[in-house]
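Student: this one's sequence-less:
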């Protein structure tokens, strides 16, 4: 076993410096010796075998269980090396990847009932968990760092402002927020623009919090949140926004999604889609993420999204790629989580805390070391709805900043 492990890991790890200690006590080092030297240990022969048989799934599982440990630094330091190799996957894992790719349509078939169950798996966890690491507004999506040293709360506010500017909202516009989370974006739009917002979510936990926050801020008349599938909500809407929800739609439902958005959008309406994306074409969701974090989830390539937009009859007015913004967001989340890790153990247990630590670390490194990014696509139904240059964005963001200063909002969870 030791010789097999050494052979395969040395074939894969060609950059960086990582030393492994096997369950039998043998040590070997992989990589070219550059960068921080990370030391790791397998505590059981079973963990070693699982890594050889199914590395994409087993790495996270063995870390969760404590049978694979990082002896110096953190799991993020180890993943920074493992996810920065010339080959994205170990050679021996590629046949398994192919099987997963062939079966991805089945795993992403997110009909209404399955979509609701998938959302509940992740978003209906104890609400106190998310308070451990998110900003005060509970924005659970990529922040927008206007400067490298920007604080997380400020970067999340900048994200909402940037999105609002692209939507070109008018007072009393009817806005649909698809996948409204804990209500932060919808409340921001209602408060700063004077529009009427309807947020749809499939999470009962998020629904309760969102409506409580709207009532607390006396915005219940202009911002309402409902437990509804985007396929069933009646329209029309002057503006449609969706942030961090499209990753749960599934490739077989992209046509359905955009056709429904086209039906709901008025003739002079504007839509803004904000989603995680892939820079190098279609792929498959990591099996550990599918099993433990986001069942039914998938991060799309633009080449998978744009054909469905075209078939729906929508016009692409603008595409912006946000590259390392999510890496910095996830770094902030991970550091906040680690600072309050003991509270996560009290909410759940040690295994759960290790799972969440691995999730945040591997997600960060996927953006920092590999092919993930965020895209924002601005859509309309006809030409001439949005300005022909981007100059309006800076002007609109400045206007919104002035409103924010006047309102001095600090959006809070009810009872926080």
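Tutor: It's in. Predicted model, so just to flag it, every value in this text is computed and none were measured. Numbering: from 1, shown residues only.
Student: Residue 297 is in what secondary structure piece?
Tutor: If you go by DSSP states H and E, residue 297 is not part of any helix or strand.
Student: What's the local residue count around it?
Tutor: The number of residues packed near residue 297 is 21, by other C-beta atoms under 10 Å. All C-beta spots, glycine's among them, are computed from the backbone N, C-alpha and C.
Student: Check residue 221 too.
Tutor: Neighbours around residue 221, by other C-beta under 10 Å: 9.
Student: again, but for the one 4 residues further on
Tutor: A count of neighbours around residue 225, defined by other C-beta under 10 Å, yields 27.
Student: For residue 350, which residues are in contact?
Tutor: Contact analysis of residue 350 by C-beta atoms under 8 Å, 6 or more residues apart in numbering lists residue 66.
Student: What distance do you get for it to residue 129?
Tutor: 14 Å (C-beta to C-beta, to the nearest Å).
Student: Also residue 338?
Tutor: From residue 338 to residue 129 the distance is 14 Å (C-beta to C-beta).
Student: could you pull out the strands for this structure?
Tutor: Under the criterion DSSP state E, the chain contains strands at 17-21, 27-31, 37-42, 68-70, 174-178, 196-201, 223-227, 237-243, 265-278, 315-322, 372-380.
Student: which helices and strands sit right next to the first one?
Tutor: I take that to be strand 17-21. Applying 3 or more C-beta pairs under 8 Å, 6 or more residues apart in numbering; DSSP states H and E, we find strand 17-21 packed against helix 2-12, strand 27-31, strand 37-42, helix 75-82.
Student: now do the third one
Tutor: Using 3+ C-beta pairs under 8 Å, 6+ apart as the contact definition, the elements that strand 37-42 packs against are strand 17-21, strand 68-70, helix 75-82.
Student: Over to the shortest one?
Tutor: Other elements packing on strand 68-70 under the criterion 3+ C-beta pairs under 8 Å, 6+ apart are strand 37-42, helix 55-65.
Student: again, only using 10 Å
Tutor: Identification of packing neighbours for strand 68-70 by 3 or more C-beta pairs under 10 Å, 6 or more residues apart in numbering; DSSP states H and E yields strand 17-21, strand 37-42, helix 45-53, helix 55-65, helix 75-82.
Student: again, but for the fifth one
Tutor: Of the remaining helices and strands, those touching strand 174-178 by 3+ C-beta pairs under 10 Å, 6+ apart are helix 184-193, strand 196-201, strand 223-227, strand 237-243, helix 254-264, strand 265-278.
Student: coming back round to it: minimum distance to residue 398: which of the helices and strands packed on strand 68-70 has it?
Tutor: helix 75-82 (36.8 Å; C-beta to C-beta).
Student: separation between residue 94 and residue 56?
Tutor: To residue 56, residue 94 is 10 Å away according to C-beta to C-beta.
Student: more crowded one of these two?
Tutor: residue 56 (19 against 11).
Student: okay, now residue 155: neighbour count?
Tutor: For residue 155, the count of nearby residues is 21 (other C-beta under 10 Å).
Student: which residues does it contact?
Tutor: 135, 139, 142-147, 325, 328-329, 332 (C-beta atoms under 10 Å, 6 or more residues apart in numbering).
Student: again, but for residue 31
Tutor: 9-10, 12-19, 37-38, 81, 85.
Student: Just the buried residues out of these, in ChimeraX syntax.
Tutor: Buried residues among those (16 or more other C-beta atoms under 10 Å), as a ChimeraX selection:
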select :9,12,13,15,16,17,18,19,37,38,81,85
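Student: could you dump the contacts of residue 31 to a markdown table with distance to residue 166 and pLDDT?
Tutor: Shown next, in a markdown table, are those (distance: C-beta to C-beta, whole Å; pLDDT from 0 to 100):
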| residue | distance to residue 166 | pLDDT |
| --- | --- | --- |
| 9 | 46 | 91 |
| 10 | 48 | 89 |
| 12 | 42 | 90 |
| 13 | 42 | 94 |
| 14 | 42 | 94 |
| 15 | 38 | 95 |
| 16 | 39 | 96 |
| 17 | 44 | 97 |
| 18 | 43 | 97 |
| 19 | 48 | 97 |
| 37 | 45 | 97 |
| 38 | 41 | 98 |
| 81 | 37 | 97 |
| 85 | 37 | 92 |
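Student: farthest pair in the contacts of residue 31?
Tutor: For the contacts of residue 31, the farthest-apart pair by C-beta to C-beta is 12 and 37; their separation is 17.3 Å.
Student: could you measure residue 359 against residue 322, distance?
Tutor: In terms of C-beta to C-beta, residue 359 sits 20 Å off from residue 322.
Student: And for residue 362?
Tutor: Residue 362 sits 19 Å away from residue 322, going by C-beta to C-beta.
Student: care to break the chain down by domain?
Tutor: 2-102, 112-407 (automatic domain parsing).
Student: so which of those domains is the most packed in?
Tutor: Most buried of the domains of the chain, by mean neighbour count (mean count of other C-beta atoms under 10 Å): domain 112-407, with a mean of 19.
Student: what's the offset of that one from the middle of its chain?
Tutor: The chain centre lies 8 Å from the centre of domain 112-407; the measure is C-alpha atoms, centre = their mean, to the nearest Å.
Student: that older thread, distance to residue 165 added to the contacts of residue 31, as TSV?
Tutor: Converted to TSV, the contacts of residue 31 look like this (distance: C-beta to C-beta, whole Å):
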residue	distance to residue 165
9	48
10	50
12	44
13	44
14	44
15	40
16	41
17	45
18	44
19	49
37	46
38	42
81	39
85	39
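Student: Pick the one among the contacts of residue 31 closest to residue 213.
Tutor: residue 81 (41.4 Å).
Student: List the contacts of the closest one.
Tutor: Contacts of residue 81 by C-beta under 10 Å, 6+ apart are 13, 15-18, 30-31, 34-38, 40, 73, 365, 369.
Student: Run a quick check on residue 380 versus residue 270, I expect a contact.
Tutor: Yes. Applying C-beta atoms under 10 Å as the test, residue 380 and residue 270 come out as touching, 5.7 Å apart.
Student: Check the contact lists of the two and give me the overlap.
Tutor: With C-beta under 10 Å, 6+ apart as the test, residue 380 and residue 270 both reach 168, 317, 386.
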